[in-house]
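S.K.: Sequence first, predicted coordinates after that:
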Amino acid sequence: VSIDTICHDFNDPLFLSVEGGSGDSLVWYIGNICDDPSNATRLDTGMIIDLNSSGHIPTETTTYSARWETFCGGTDFSSDCLLIDVVVNGEFSITDQPSNILECEGTDSVFFSVGVDLASSITPVKYQWYFKNIPLSEKTSDSLWFYDPLALADTGYYKCKVYNTCDTIFSDSVYLALNTGANIILEPVGPSILCEGGGDTLIVQAEGSLTVNYSWYFNDLLFDEAVTDSFFIINPATFDHSGDYYCIAYNGCGVDTSNVVSIMVDSLPYLIEQPHDTIVCLNEAAEFLVSAEGSVPLSYQWFKIDNTNSSTELTGETSTLFKILNVQVTDTAFDYYCVISNPCSDINSDTASVAMYPPVMAIDSMISDTNNLCISYPTDIILTVIGGSGDSIKWFTNECNGDLLATTKDTILSIPVPSINTTYY
C-alpha cells in the first residue's frame, strides 16, 4: 500500500499492490475474502490497482484483501490472503462556540473555551488562539484563560483555530469588552477658609463605562445617603461646617476616592464695646476705645466724619484705642468711628464725639435779695451770681472753698434763712 491513512476528503491516486505468490490472476476484494467471504466484494485484478481511478476511494476505514485465483474459478485459489486496512481520518466539528465576555476592568480568572466533537476523526486535534487575527504565543488548549487582571489592552476580538492533519476549523470570533470602574478626573477644590454665612460648592467629576454614583463624607462619616450628586453645597456656612470633606465615586466595576478638602468656617467680626462720647478740657487728651471679636486676624482703622458725612481715614490709627493728645476746638467738629475687619467682612462701630468744657471766667459779683432780716423772715433767701462763665457754680459758706453748700448750673440759688449771721461765697 502506498499510504495506509488518508483524510476523509482524499482525492488523489491511491495504489494497492502486492509482490510474490502465483496463480492465473491476483484478485482484489473489498472486505476479507478469506475469513468473511460473504461480506467481501470483488474489486479488480492485477498486481497493483488504483482505488481513485476505479472510484473506490474509501470514506471510512476499510479492509481490503487480495489472493491468487485460477481463470477457471471454482475453489482453486490460494488459501492465504493479503489484508490491508486503509484508515480514513474522519471529520470533527466545533460543537460549543466561545461566547462574548463583558467584564469589569481588573477582573481575573476569565476564559474563552471551545467544545469539539471528534466524531470519526482518529487524529487528535490541536488548538491555537488568536487575538485580532494574530496567534497568541503558547495559547494552545481548548480554553484561553486570563489569569492576570484584565486591562483595556485586552479588549478586542478573539477566535480559536482547531486543526489536525486533515482539517482546520476556526471558531466564531468573539469580543472581550471591559466596563471601566469609576475614575475621578476632576478633584474637588474648596476654600481653606469659608466665612460664616457664606457658601461654596464642592464639585467632583468621574468617568466610567457604567453609571457613576457619588457619596459625600464629612469628617470620615457619610454625610447624607440622600446626597448623591457630583456636587456638594455648603450654604449658609456655620461653624458646624468646619471639617474635612471628600467624595467616593463608584459604579458596578470600581470605586475611587477624591482628595480631602479641609474647610474652616471663620466668624464675622462683631463689636463687644462701642466708643463713647467724651468731654475734656482744652489741650487735654480724649480717648475712644472699641473692643471686637471674630476670627483672626482682626484689623482696626479709625476715621473721622464731618457734618457733610464725608469720612477721612486717620493715618496710623490702627489699634483698638484712638487718642487725641491735645484737644482743640477744631477736633470737636468731627465724629469718630472705627472699622473692624477680618478676611470675612468688616463692620463699623458707632460714631462718638469729643466736646470741650467751656472756659472758666471770674464772677463779677454776687447779690442777695436781702441782707438784713429777722429770725422770723418768712421766705427763702435768693442769691444771684452776676457775670463769669463755666460749667457749674459751687456755693460755699464761711470762706471761699470753705464749706460746700451746693453746686448748680444756674446763677440763682434759693437757700433757707440762716440761724446766725452768715457770709456766702
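M.R.: Structure received. Numbers count the residues shown, from 1 in each chain.
S.K.: give me every residue that touches H241.
M.R.: Going by CB atoms under 8 Å, 6 or more residues apart in numbering, H241 touches 194, 234, 263, 265. Every residue, glycine included, has its C-beta placed from N, CA and C.
S.K.: which residues pair with the residue nearest to L152 when sequence neighbours are not counted across the strands?
M.R.: Nearest non-adjacent residue to L152, counting by CB to CB, 6 or more residues apart in numbering: L178, 6.1 Å away. Beta bridges link L178 to E103 when assigned by DSSP bridges.
S.K.: Give me the neighbour count for L178.
M.R.: By the criterion of other CB atoms under 10 Å, L178 has 20 neighbours.
S.K.: Give me the pLDDT for T211.
M.R.: Looking at T211, its pLDDT stands at 94.
S.K.: for the closest residue to it other than its chain neighbours, phi and psi?
M.R.: Excluding its sequence neighbours, the residue lying closest to T211 (CB to CB, 6+ apart) is N251, at 5.9 Å. Per-residue torsions, N251: phi -150, psi -170 (degrees, to the nearest 10).
S.K.: I'd like to know how many residues surround I279.
M.R.: Counted with other CB under 10 Å, I279 comes out at 14.
S.K.: With F322 as the reference, measure out to it.
M.R.: Here I279 is placed at a distance of 16 Å from F322 (CB to CB, to the nearest Å).
S.K.: Touching, K139 and K126? I think so.
M.R.: No. Using CB atoms under 8 Å, K139 makes no contact with K126, being 11.7 Å away.
S.K.: sorry, back to before: residue contacts, the residue nearest to T211?
M.R.: 179, 181-182, 208, 210-213.
S.K.: now it: how far from I184?
M.R.: 12 Å.
S.K.: again with D148
M.R.: D148 is 25 Å from I184, by CB to CB.
S.K.: Among those two, which residue is more densely surrounded?
M.R.: More neighbours surround I184 than the other of D148 and I184, with 21 against 10 (other CB under 10 Å).
S.K.: Show me the beta-bridge partners of that one.
M.R.: Beta-bridge pairing of I184 under DSSP bridges involves A206.
S.K.: I figured D12 hits L51, correct?
M.R.: No. Judged on CB under 8 Å, D12 makes no contact with L51 at a distance of 10.1 Å.
S.K.: Please report phi then psi for the residue nearest to G197 when sequence neighbours are not counted.
M.R.: In space, and not counting its chain neighbours, G197 is closest to P236: 4.9 Å by CB to CB, 6+ apart. When read as degrees, to the nearest 10, the backbone of P236 gives phi -80, psi 150.
S.K.: Next up, the contacts around P236.
M.R.: Applying CB under 8 Å, 6+ apart to P236 gives the contacts 196-199.
S.K.: same deal with F223?
M.R.: 216-217, 232 are the contacts of F223 under CB under 8 Å, 6+ apart.
S.K.: of the residues you listed, closest to N100?
M.R.: Nearest to N100 among the contacts of F223: W216, at 37.0 Å, using CB to CB.
S.K.: Go ahead and flag the most central residue of this structure.
M.R.: Taking CA atoms, centre = their mean, the centroid of the chain lies closest to S258, which sits 3.6 Å from it.
S.K.: And for it, nearest residue in space, chain neighbours not counted?
M.R.: Nearest one to S258, counting by CB to CB, 6+ apart, is C247 at 4.4 Å.
S.K.: quick one: the one you found and Y214 touch, right?
M.R.: Yes. C247 is within contact range of Y214, at 5.6 Å (criterion: CB under 8 Å).
S.K.: higher neighbour count, those two?
M.R.: Applying other CB under 10 Å to C247 and Y214 shows that C247 carries more neighbours, namely 28 against 20.
S.K.: what's the helix or strand for the more buried one?
M.R.: strand 243-251 (DSSP states H and E).
S.K.: re earlier: so can I have JSON lines of the contacts of N251 showing secondary structure, distance to P378 and neighbour count?
M.R.: Formatted as JSON lines, the contacts of N251 follow (DSSP: H, G, I helix; E, B strand; the rest coil; distance: CB to CB, whole Å; neighbours: other CB atoms under 10 Å):
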{"residue": "N179", "secondary structure": "strand", "distance to P378": "117", "neighbour count": "16"}
{"residue": "G181", "secondary structure": "coil", "distance to P378": "112", "neighbour count": "22"}
{"residue": "A182", "secondary structure": "coil", "distance to P378": "107", "neighbour count": "23"}
{"residue": "G208", "secondary structure": "coil", "distance to P378": "110", "neighbour count": "22"}
{"residue": "L210", "secondary structure": "coil", "distance to P378": "112", "neighbour count": "15"}
{"residue": "T211", "secondary structure": "coil", "distance to P378": "108", "neighbour count": "9"}
{"residue": "V212", "secondary structure": "coil", "distance to P378": "105", "neighbour count": "21"}
{"residue": "N213", "secondary structure": "strand", "distance to P378": "103", "neighbour count": "17"}
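S.K.: Can you tell me which of those residues is closest to E60?
M.R.: N179 (49.9 Å).
S.K.: How many neighbouring residues does the nearest residue to T45 once chain neighbours are set aside have?
M.R.: Counting by CB to CB, 6+ apart, T45 lies nearest to S25, which is 4.8 Å off, once chain neighbours are set aside. By the criterion of other CB under 10 Å, S25 has 13 neighbours.
S.K.: Would you check that S25 makes contact with A66?
M.R.: No. Assessed by CB under 8 Å, S25 is found out of contact with A66, at 10.4 Å.
S.K.: returning to what we had before: ok, the residue nearest to T45 - contacts?
M.R.: By CB under 8 Å, 6+ apart, the contact list for S25 reads 45-46, 68-71.
S.K.: could you measure it against S53, distance?
M.R.: Distance from S25 to S53, by CB to CB: 19 Å.
S.K.: Neighbours of N309, how many?
M.R.: Neighbour count of N309, defined by other CB under 10 Å: 7.
S.K.: Specify the local secondary structure of it.
M.R.: Secondary structure assignment for N309 (DSSP: H, G, I helix; E, B strand; the rest coil): coil.
S.K.: what's the pLDDT at it?
M.R.: On the pLDDT scale, N309 gets 94.
S.K.: Phi, psi for it please.
M.R.: phi 70, psi 30.
S.K.: returning to that earlier point: helix or strand right after the strand holding C247?
M.R.: Once strand 243-251 ends, the next helix or strand along the chain (criterion: DSSP H and E) is strand 254-257.
S.K.: Walk me through which strands that next one pairs with, and which way each runs.
M.R.: Sheet pairing for strand 254-257, assigned by DSSP bridges, gives strand 243-251 (antiparallel).
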